[in-house]
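1. sharing a model prediction with you, sequence too.
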Amino acid sequence: MTEAESMSTSLADAGNKEEGDVNCVEQETTDGAQSKAALKRAKKKAAAAAGGTPANGATTEAAATADSPAAGSNAENENGNEDDESGDEAENEAGGSASTGAAKKKKKKKKSKKKTGGGGAVAIPTEQTTPPTVPVKVLFRDGIFPTGEFQSYKDDQRWRETAAEKRELERLEFDMINEVRQCAEVHREVRKYMQTIAKPGILMSDLCEKLEDSVRKLIDERGLEAGIAFPTGCSLNYVAAHWTPNSGDKTVLQYDDVMKLDFGTQINGRIVDSAFTVAFNPRYDPLLKAVKEATDTGIRESGVDVRLCDIGEAIQEVMESYEIELDGKTHSVKAIRNLNGHSIAPYRIHAGKSVPIVKGGEATKMEEGEFFAIETFGSTGKGLVREDLEVSHYMKNFDVGHVPLRLPRAKQLLATIDRNFGTLAFCRRYLDRLGEEKYLMALKNLCDAGIVDPYPPLVDNKGCYTAQYEHTIYLHPTRKEVLSRGDDY
């Protein structure tokens, strides 16, 4: 080999070695890049599989290290990559932490979504609240309301129960009577609440407002379509009927008071009128018992083709069989002879027929399809009432035609009465609630013109005590129903 060839061979070998070294470096570079890419892919894969929990974050680290070709290959690589791995480890921990936080937020969001999910549906109440606020139609979602107490007619009318024609007539009147049963259910639930709050020390005005607010909510008040049938009567002691506090009245219920709580509900003019007596002192129990039993007697005697005078005679006989001792003196319980029960028609609380509570009344008969308020009043006084005290109750005359009015204020007040009460009774508090002001002169003008009738309180002798019980009944074609009957009375 010549020197030139030898030199050429040496140069070629050197070139090949250099090329090999370059290739080796390139291979190492490629391997390192692939290793880093593989590490990144492993990290991503492990993070995705782990769902971002701390435990899975640790697994990601281990998997990434195991998959790396450089890991454990030589001390130099291990030492050289120590900082990188530490950085990666910190990155993993930070990523795991962030991932965990995000997951927690996500979970919380899901919880929140689940909580408010279902289209934002609100739970429908299944029982009444205290104080009562849930409309009864919500509690009875099928729209069918509880019946009252059914009683058979007397023997000569028993055939009605099995007569196919009468049973069919009763079926046809279901929608109408179901509305009245709704009114009765409102009455029962409201009075149940009132019996828990009617305690000595309560302002009479507060008591009335709580009662009336409850009626408005439970019946879902809709102007003349549904609401209160007449002002809350809460007459005390010798005052037998037609008293409710006017605005500003500071009368307080006392332990020795005898209070008659008389209120009504209505839907589409169909009225339920029912009353009971509250007394805290047990010495009045005989008076209350006499009147309650007299009312039950009147209901029992009522029926199709029964004469009203016969009912009155039976009521008086029962009531006046009782005595009561007050302050060492014995009093006979007397039926208040100039107070009566009455028939009820749509938007008309007193529809024309009177049910006496003493003998000697009219011989007019009750008829099928009629509503009656059977109410009795007992007294330790004379048993005769008269008008006295400040007027609170008013009612538009049902039969009045057009009457020209000269006072613009009277015309405006009449429009308010027509719009809100029609021919239903109202009181001055109700006008105040509607925002009417300085209306007394206009109201007097309407009374003087015969358009509106005032109903002053009815009182017996001062110092005596009076009691009242009342139920609304309906004379079905087949039997009678005590619509307002409840567990209390």
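-> Nice, thanks for sending it over. Predicted, not measured: the structure shown is a model, and the values here were computed from it.
2. list the contacts of Lys382.
-> Lys334, Asp460, Asn461, Cys464 (CB atoms under 8 Å, 6 or more residues apart in numbering). Glycine gets a C-beta too; all of them are placed from N, C-alpha and C.
3. buried ones among these?
-> Lys334, Asp460, Cys464 (16 or more other CB atoms under 10 Å).
4. pretty sure the first one is touching Gly378, no?
-> The one in question is Lys334. Yes: here Lys334 lies in contact with Gly378, judged by CB atoms under 8 Å, at a distance of 6.7 Å.
5. which neighbours do those two share?
-> Contacts common to Lys334 and Gly378, judged by CB under 8 Å, 6+ apart, are Met319.
6. can you pull out the low-pLDDT segments for the stretch 51-200 of the chain?
-> Where the stretch 51-200 of the chain drops to pLDDT under 70, the residues are 51-120.
7. show me where it has strands.
-> 149-151 (DSSP state E, counting those that start in this stretch).
8. again, but for the stretch 251-400 of the chain
-> Going by DSSP E, counting those that start in this stretch, the stretch 251-400 of the chain shows strands at 258-267, 270-279, 323-326, 329-332, 334-335, 341-344, 354-355, 371-379, 386-387, 393-396.
9. out of those, deepest packed?
-> strand 371-379 (a mean of 28; mean count of other CB atoms under 10 Å).
10. name the strands paired with that one and say parallel or antiparallel.
-> strand 334-335 (antiparallel), strand 341-344 (antiparallel), strand 466-475 (antiparallel) (DSSP bridges).
11. mind putting these in a markdown table, distance to Ala373 and mean pLDDT included?
-> Listed next are those as a markdown table, based on distance: least, CB to CB, whole Å; pLDDT from 0 to 100:
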| stretch | distance to Ala373 | mean pLDDT |
| --- | --- | --- |
| strand 334-335 | 16 | 98 |
| strand 341-344 | 5 | 98 |
| strand 466-475 | 5 | 99 |
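12. just the helices in the stretch 351-489 of the chain please.
-> 408-420, 428-433, 440-448 (DSSP state H, counting those that start in this stretch).
13. what helices and strands are in contact with the second one?
-> So that's helix 428-433. helix 408-420 (3 or more CB pairs under 8 Å, 6 or more residues apart in numbering; DSSP states H and E).
14. only the C-alpha atoms, please, for the helix it packs on, written as PDB.
-> C-alpha atoms of helix 408-420 as PDB (Å, rounded to 0.1, in the frame of the first residue of the first chain):
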ATOM      1  CA  PRO A 408    -120.100  61.100  43.200                       C
ATOM      2  CA  ARG A 409    -118.400  59.600  46.300                       C
ATOM      3  CA  ALA A 410    -121.400  57.400  46.900                       C
ATOM      4  CA  LYS A 411    -121.400  56.200  43.300                       C
ATOM      5  CA  GLN A 412    -117.700  55.400  43.500                       C
ATOM      6  CA  LEU A 413    -118.200  53.500  46.800                       C
ATOM      7  CA  LEU A 414    -121.100  51.500  45.300                       C
ATOM      8  CA  ALA A 415    -118.900  50.500  42.300                       C
ATOM      9  CA  THR A 416    -116.300  49.200  44.800                       C
ATOM     10  CA  ILE A 417    -119.000  47.200  46.700                       C
ATOM     11  CA  ASP A 418    -120.400  45.800  43.400                       C
ATOM     12  CA  ARG A 419    -117.000  44.800  42.200                       C
ATOM     13  CA  ASN A 420    -115.700  43.100  45.400                       C
END
